[in-house]
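[1] Model the structure of this input:
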Amino acid sequence: MVRLGARRGIAVGMAILLALGAAGSQSGEAVGAAAAPGPLPADPYTSTSQDYQRSQQASALLVRQCMAGHGHPGFPLDPRYPVDPIRGAAVGTEYGVLELDSARRWGYGWDPAKDADRRPKGRRMTSAEFVDFPACEAEAGRRLVRGIDLKGDWLYASTRVVEVQKAVERDPRLVAAWNTWSRCMAGQGFTPYPDPIAAYTDTAWHRNSDGNTPHTRRERATAVADVICKRRHHTVETWHTVQAQKQAADIAQHHDGYARGLRQLRLYRANINEVLRTLG
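    Here you go, the predicted model:
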């Protein structure tokens, strides 16, 4: 699931109409297989999607325990709010949309049927429960970061990503790759966005409250051309190579900071494991 967020940094605009059939006629060209970037040097120093999922499970257990102490036995592990909140979303990959089949069908969004997987599975919390819920949620958060120096090297790699990203975007190889991709988009009759994330995050796609798009013909046609241009000119491969080199250089230059941050991340994981072991 892709979620829309910051254009750059920790998380990281697409236009002009071309009939989907016209864009689709290009899909028969030899544009290569879907790009599948491998791991990056900074990955071991940053939290993962599995960390997030496990932290959510641990937090839910702690919140349920806390809510019981506030007189709310049977509080659900995955409750719905009294009023469903607006869900935001951030680009799932730093490279924007990558899959041609998905681009043809969903443009810069996704299958709305998958949204059901993100919706809470528990009952809607009562108004009385909602009053105590924020305090219990905060307490759970404090428990999961127990012993961690939040003002020190916690998430050190994340604090470095902005500087590393600046170096990546200044690299002549990536500048050239983005320019080539942009000219390719213009050659297909689309807006010459400065880079693929600008295409992905274009407000013209009118994302709704959950971050998904309406999947219009214009949007889908643009996304198809985007993927084709990436594949034709190996944009993602160049992008990934530059990222890997810049990250490796930054880790070598700031090795001690990364090492301290990794120790904090391991402590966070240990806290999560303890909660899951004792309450799960």
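[2] which element is the residue in the chain sticking out farthest from the centre on?
    Relative to the centre of the chain, the most outlying C-alpha is that of Gly71, 36.8 Å out, by C-alpha atoms, centre = their mean. Secondary-structure assignment from DSSP states H and E places Gly71 in no helical or strand segment.
[3] distance of it from Arg64?
    Taking C-beta to C-beta, to the nearest Å as the criterion, Gly71 is separated from Arg64 by 13 Å. Heads up, the C-betas are built off the backbone N, CA and C, glycines and all.
[4] can you tell me the helix or strand for Trp110?
    Trp110 belongs to no helix or strand when elements are defined using DSSP H and E.
[5] For it, report the pLDDT, please.
    Per-residue pLDDT puts Trp110 at 90.
[6] Quick one: residues contacting Arg54.
    Arg54 sits next to Arg269, Ile272, Asn273, Leu276 when contact means C-beta atoms under 8 Å, 6 or more residues apart in numbering.
[7] Now that we have those residues, which of them are buried?
    Of all the contacts of Arg54 considered here, the ones buried according to neighbour count by 16 or more other C-beta atoms under 10 Å are Arg269, Ile272.
[8] Narrow the contacts of Arg54 to those in helices?
    Counting by DSSP state H, the part of those found in helices is Arg269, Ile272, Asn273, Leu276.
[9] any idea which of the residues you listed is closest to Ala157?
    Distance ranking of the ones in helices among the contacts of Arg54 against Ala157, using C-beta to C-beta, places Arg269 first at 14.5 Å.
[10] before we move on, the earlier item: need the contacts of Arg54 in CSV (columns: pLDDT and distance to Ala223).
    Formatted as CSV, the contacts of Arg54 follow (pLDDT from 0 to 100; distance: C-beta to C-beta, whole Å):
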residue, pLDDT, distance to Ala223
Arg269, 97, 36
Ile272, 98, 36
Asn273, 98, 40
Leu276, 97, 39
